[in-house]
Each structure stands twice: as C-alpha cells, then as structure tokens.
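# let's see this in three dimensions:
(2 chains)
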Amino acid sequence: GAVVSQHPSRVICKSGTSVKIECRSLDFQATTMFWYRQFPKQSLMLMATSNEGSKATYEQGVEKDKFLINHASLTLSTLTVTSAHPEDSSFYICSASTFLGRGQRVEQFFGPGTRLTVL
Amino acid sequence: GEDVEQSLFLSVREGDSSVINCTYTDSSSTYLYWYKQEPGAGLQLLTYIFSNMDMKQDQRLTVLLNKKDKHLSLRIADTQTGDSAIYFCAEHTSGTYKYIFGTGTRLKVLA
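Numbering: from 1, shown residues only, chains lettered A, B, ... in the order given. Coordinates of the predicted model:
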C-alpha cells in the first residue's frame, strides 16, 4: 500500500526558532499533499492544501507567514513553523493524495505525525 | 458549513461488539471513511463506504449508512484490547480533495 513518511517524528525547540517538517510519499507520486494540526484529544484541523509546483491554499485562520509550505516535487512537501512559540506546540500530520483511477475517489494516505514541543 | 459529529467516548468489554456513531451534514458527501488513530500515531484507514451503499462488511467491521438521516456507524465485532484507539469518521465529496473529519470517538476496551 501507499506509504507516507514524516521527519522528524518528534522535535523540541526553543521559542523563536524555526522548525521544518518533511512529508514524503515513498512509493507513489502525490498530486496533492495536506497538512493537519491536531491538539490533544481533538480532531484533525486542516491547515493547508498544497499542489506540486504551486502555492499552498491555506484554511481560514491559518497564518501563511507563520506556517510556510513548500511542495517542490510530487513526493515531498515541507512545513516550516517560523518563529515558533509555545502555542504552536501540537501534533502535525501530513497526508498525500492521488487519484485511484475509478470514479473520482481521492484517497488520502496519512503520515505518522510529528510532535512539536516549543519551550 | 460542513459538520461531522461523533460521541466522545465509548467503553466496552473485551469480546463484546462496539458501535461507533457519526452524523454529518453535507448531503453531497460521496464517500465516508473510518480511520483509527493509536496514541502518538497517524491515521490508519479502516474502511470506507460509497454513498449509494447501505452497508459494507469487512471481517470484524460493519459499516452502516443511513443517507436520509446522514448517519454513519461502525460496528466492531468481538472487540479486542488492541482495538482501543480513537476512531474518526470522515466525509469526502467526489471531485474535491478535502476531507472533513469528525470529532473522534475514544474507544476503551476493558479486559
């Protein structure tokens, strides 16, 4: 099956620093990648949708300058949390999507997540 | 806007059946999914159902869909301790990429 990896799995950083999280589709080319944020005991909140080679589409309320997304290839997307603060601490999950052929079902394959802790 | 609701907690005894419920509001939903999330991990797709189906069975999992009431359920037969996790339903409209996730149900299986 389709595999999506994320790196790092955990990161602890000081307030004010920037952190980059990578999301890779290992055995397929992803048309689109998604970035989600999950607070403890809460659902996934879609942050942004990115298509290879174009600017990401951010959901309402998500700061573009704070959460920089780059989707340079069909297998790699990165999320950079700039000038991180403690309130940015969260579990960040990416997913990668591809058309499966029949009909228009678009399956998302999820990465294992990255736990960010900002001190 | 779209809204997907689930009950927050469910506790069952090992060997019993679990039923997790989900209600959604978007009548244009084409596919409905059930995902499992174990602690500190990403989401694992369990099963999905196309909106023109009423039921889908996959080993211990049975999905029921009542499109009129916009109600989806996941039944896990012979629930095991390894089934303890958070379960999310999600809806998706064909032709779009966006998934709308439910609030998640935390299933606890008692030995």
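
# show me where pLDDT drops low in chain B?
B:1-2, B:95 (pLDDT under 70).

# enumerate the residues of chain B near chain A.
Neighbours of chain A within chain B, by Cβ under 8 Å from any Cβ of the partner chain: B:30-31, B:35, B:40-45, B:50, B:88, B:92, B:94-99, B:101-104, B:106. To be clear about C-beta, it is placed using only N, CA and C from the backbone, and glycine gets the same treatment.

# which of these are buried?
Neighbour counting with 16 or more other Cβ atoms under 10 Å in any protein chain shown marks B:30-31, B:35, B:41-43, B:45, B:88, B:92, B:97-99, B:101-104, B:106 as buried within the residues of chain B next to chain A.

# can you give the contact residues for stretch B:88-98?
With Cβ atoms under 8 Å, 6 or more residues apart in numbering or on different chains as the test, stretch B:88-98 has contacts from A:32, A:34, A:43-44, A:46, A:49, A:97, A:103-106, A:108, B:2, B:4, B:6, B:20, B:22, B:24, B:26, B:28-37, B:43, B:72, B:74, B:99-102, B:104-105.

# out of these, which are inside strands?
A:32, A:34, A:44, A:46, A:49, A:97, A:106, A:108, B:4, B:6, B:20, B:22, B:24, B:31-37, B:43, B:72, B:74, B:99-101, B:105 (DSSP state E).

# low-confidence ranges in chain A?
A:1, A:99-105.

# show me which residues of it are close to chain B?
Residues of chain A lying near chain B (Cβ under 8 Å from any Cβ): A:4, A:6, A:32, A:34, A:41-44, A:46, A:49, A:91, A:93, A:95, A:97, A:103-113, A:115.

# any of those residues buried? List them.
Here, 16+ other Cβ under 10 Å leaves A:4, A:6, A:32, A:34, A:43-44, A:46, A:49, A:91, A:93, A:95, A:97, A:106-113 buried among the residues of chain A next to chain B.

# so where do the strands sit in chain A?
A:4-7, A:10-13, A:19-25, A:32-38, A:44-51, A:57-58, A:67-73, A:76-81, A:90-99, A:106-110, A:114-118.

# highest mean neighbour count out of these?
strand A:32-38 (a mean of 24; mean count of other Cβ atoms under 10 Å in any protein chain shown).

# what pairs with that one, parallel or antiparallel?
strand A:44-51 (antiparallel), strand A:90-99 (antiparallel) (DSSP bridges).

# beta partners of residue A:77?
residue A:23.

# return the residues in contact with residue A:81.
A:18, A:19, A:21, A:66, A:67, A:88, A:116.

# which one of those is nearest residue B:59?
residue A:21 (34.5 Å; Cβ to Cβ).

# mind listing what residue 108 touches?
No chain was given, so I picked chain A. A:34, A:95, A:96, A:97, B:97, B:99.

# actually chain B
So residue B:108 contacts B:9, B:10, B:11, B:12, B:84 (Cβ under 8 Å, 6+ apart).

# can you do 7 Å?
Each residue near residue B:108 by Cβ atoms under 7 Å, 6 or more residues apart in numbering or on different chains is listed here: B:11, B:84.

# try the one 3 residues further on
With contacts defined as Cβ under 7 Å, 6+ apart, residue B:111 is in contact with B:14, B:81.

# ok, it to chain A distance?
Distance, residue B:111 to chain A, by Cβ to the nearest Cβ, to the nearest Å: 23 Å.

# quick check: the gap between that residue and residue B:101.
The gap separating residue B:111 from residue B:101 is 29 Å, by Cβ to Cβ, to the nearest Å.

# over to residue B:48?
13 Å.

# thinking again about what came up before, and the strands of chain A as JSON lines, adding distance to residue B:67?
As requested, these are exported to JSON lines (distance: least, Cβ to Cβ, whole Å):
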{"stretch": "strand A:4-7", "distance to residue B:67": "31"}
{"stretch": "strand A:10-13", "distance to residue B:67": "41"}
{"stretch": "strand A:19-25", "distance to residue B:67": "32"}
{"stretch": "strand A:32-38", "distance to residue B:67": "26"}
{"stretch": "strand A:44-51", "distance to residue B:67": "24"}
{"stretch": "strand A:57-58", "distance to residue B:67": "29"}
{"stretch": "strand A:67-73", "distance to residue B:67": "35"}
{"stretch": "strand A:76-81", "distance to residue B:67": "34"}
{"stretch": "strand A:90-99", "distance to residue B:67": "24"}
{"stretch": "strand A:106-110", "distance to residue B:67": "20"}
{"stretch": "strand A:114-118", "distance to residue B:67": "37"}
